[in-house]
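**Student:** My questions are about this predicted structure, shown below with the sequence.
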Amino acid sequence: MKYLAALLLAGVATPALAQHAGHDMQVPPKAESPAEEDHSMPMQHGDPAMQDMPMMDHGASSQDPPVAGPPPAARTGPAHAADTVFDPQAMAVARAQTEQAMGAILTSKVLIDRVEYRARDGDDGYLWDGQAWYGGDIDKLWIKSEGEGSFGEPLEHGEAQALWSHALDPWFDLQIGVRQDFGVGPDRTHLAIGVQGLAPYWFEVDGALFVSNEGDVTARAEAEYDLRLTQKLILQPRAEVNLSAQDIPELGIGSGLSTAEAGLRLRYAIEPQFAPYVGVSWERSFGHTRDYARQQGEPSGGFAFTFGLRSWF
């Protein structure tokens, strides 16, 4: 113990040794070297130590990326570098298989959007509206058909369209082709051009301009929206307007806004491909179109209760 006491008196013992020895002594703090910093005290801007420290610029990187494009030599190599290592014919087959797997796939679909019975005041009728397409992601062959009539009477109006469809972007297609009318009155063949696709908020829209072989110019715009009440129960509002650039008396069509239709259908998807529905539809003719209808003893508009089926495969 006399050696330990001597060390403590000489100030050489560490605080841990002093505590272990049971003495209540204050050990002098260890002197700091010039290289050590006291982190408990912030350094001021005018501190000489701060003048030797590099300042950081948070607004720009010290090494900005190059702004020039790749060097010309980067474009002088082969179109497919793998052909320099592997058999070019084998690589061509592999690239074709990759393109096929990544999107160059031909697919098809048939959609029966509406096929329905229409219960009207003393004049029950029917309606069909369907379309089908075949092709790839960018270009497709599109077929459309629709028509309506009354039971026990000749077909009032029917049409079929054959269109080339080209994708403008992921949402809309440009469609160009021909439309053939049939039914009551003289037949017409039309040049058809329009757009079809999915508008913001998931509205399905379809608009087209038609020029007949007689020089008649007409247009049509349609929009519908699927409001899912449950996974299987869907409420679908739908609207359609038809316009004409001139009077077409032989077809009973007047210039301007000729007809408009609005409907509300509630369908139940027993399966995604099979969905019966019920609904109500309102239609009306305007202007000279309404006058032509009255001259032929036909109503200018009214309501109809509908029962139908929507299906696709």
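**Tutor:** Right, received. Where do you want to start? Numbers count the residues shown, from 1 in each chain.
**Student:** Who are the contact partners of the nearest residue to Leu106 once chain neighbours are set aside?
**Tutor:** Among residues not flanking Leu106 along the chain, Gly136 sits closest, at 5.7 Å (Cβ to Cβ, 6 or more residues apart in numbering). Bear in mind the C-beta positions are built from the backbone N, C-alpha and C, glycine included. Residues in contact with Gly136 (Cβ atoms under 8 Å, 6 or more residues apart in numbering) are 103-107.
**Student:** Quick one: low-confidence residue ranges for this protein.
**Tutor:** Applying pLDDT under 70 to the chain picks out residues 1-66.
**Student:** so where do the strands sit in it?
**Tutor:** 107-119, 125-135, 139-150, 157-167, 172-182, 189-199, 203-212, 217-224, 227-228, 233-244, 256-268, 274-285, 301-312 (DSSP state E).
**Student:** closest one to Gly69 among the ones you listed?
**Tutor:** Among these, strand 157-167 comes nearest to Gly69, with 29.7 Å by Cβ to Cβ.
**Student:** Could you report the neighbour count for the closest residue to Gly308 other than its chain neighbours?
**Tutor:** Closest residue to Gly308 apart from its sequence neighbours, by Cβ to Cβ, 6+ apart: Glu116 at 2.8 Å. Neighbour count for Glu116, taken as other Cβ atoms under 10 Å: 25.
**Student:** Run through the residues that contact Glu116.
**Tutor:** Contacts of Glu116 by Cβ under 8 Å, 6+ apart are 126-128, 277, 306-309.
**Student:** Repeat the analysis, applying 10 Å as the threshold.
**Tutor:** Neighbouring residues of Glu116 by Cβ atoms under 10 Å, 6 or more residues apart in numbering: 125-129, 148, 263, 265, 276-279, 281, 304-310.
**Student:** wouldn't Ser300 be in contact with Asp291 here?
**Tutor:** Yes - because the distance of 8.7 Å satisfies Cβ atoms under 10 Å, Ser300 is recorded as touching Asp291.
**Student:** who touches both of these two?
**Tutor:** Ser285.
**Student:** List the buried residues in the top helix by length along the chain.
**Tutor:** Longest helix of the chain, by residue count under DSSP state H: helix 88-101. By neighbour count on 16 or more other Cβ atoms under 10 Å, the buried set for helix 88-101 is Met91.
**Student:** Need the residues that contact it.
**Tutor:** 78, 80-87, 104-106.
**Student:** Let me have it in PDB, keeping just the CA atoms, if that works.
**Tutor:** Only the C-alpha atoms of helix 88-101 are listed here, as PDB (Å, rounded to 0.1, in the frame of the first residue of the first chain):
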ATOM      1  CA  PRO A  88     -25.100 -13.700 -85.900                       C
ATOM      2  CA  GLN A  89     -27.800 -16.000 -87.100                       C
ATOM      3  CA  ALA A  90     -28.400 -17.400 -83.600                       C
ATOM      4  CA  MET A  91     -28.500 -13.900 -82.200                       C
ATOM      5  CA  ALA A  92     -31.000 -12.800 -84.800                       C
ATOM      6  CA  VAL A  93     -33.300 -15.600 -83.800                       C
ATOM      7  CA  ALA A  94     -32.800 -14.700 -80.100                       C
ATOM      8  CA  ARG A  95     -33.700 -11.000 -80.800                       C
ATOM      9  CA  ALA A  96     -36.800 -12.000 -82.700                       C
ATOM     10  CA  GLN A  97     -37.900 -14.200 -79.800                       C
ATOM     11  CA  THR A  98     -37.300 -11.400 -77.300                       C
ATOM     12  CA  GLU A  99     -39.300  -8.900 -79.400                       C
ATOM     13  CA  GLN A 100     -42.200 -11.400 -79.500                       C
ATOM     14  CA  ALA A 101     -42.100 -12.000 -75.800                       C
END
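**Student:** Now Gln236. Nearest residue, chain neighbours left out?
**Tutor:** Arg265 (4.8 Å).
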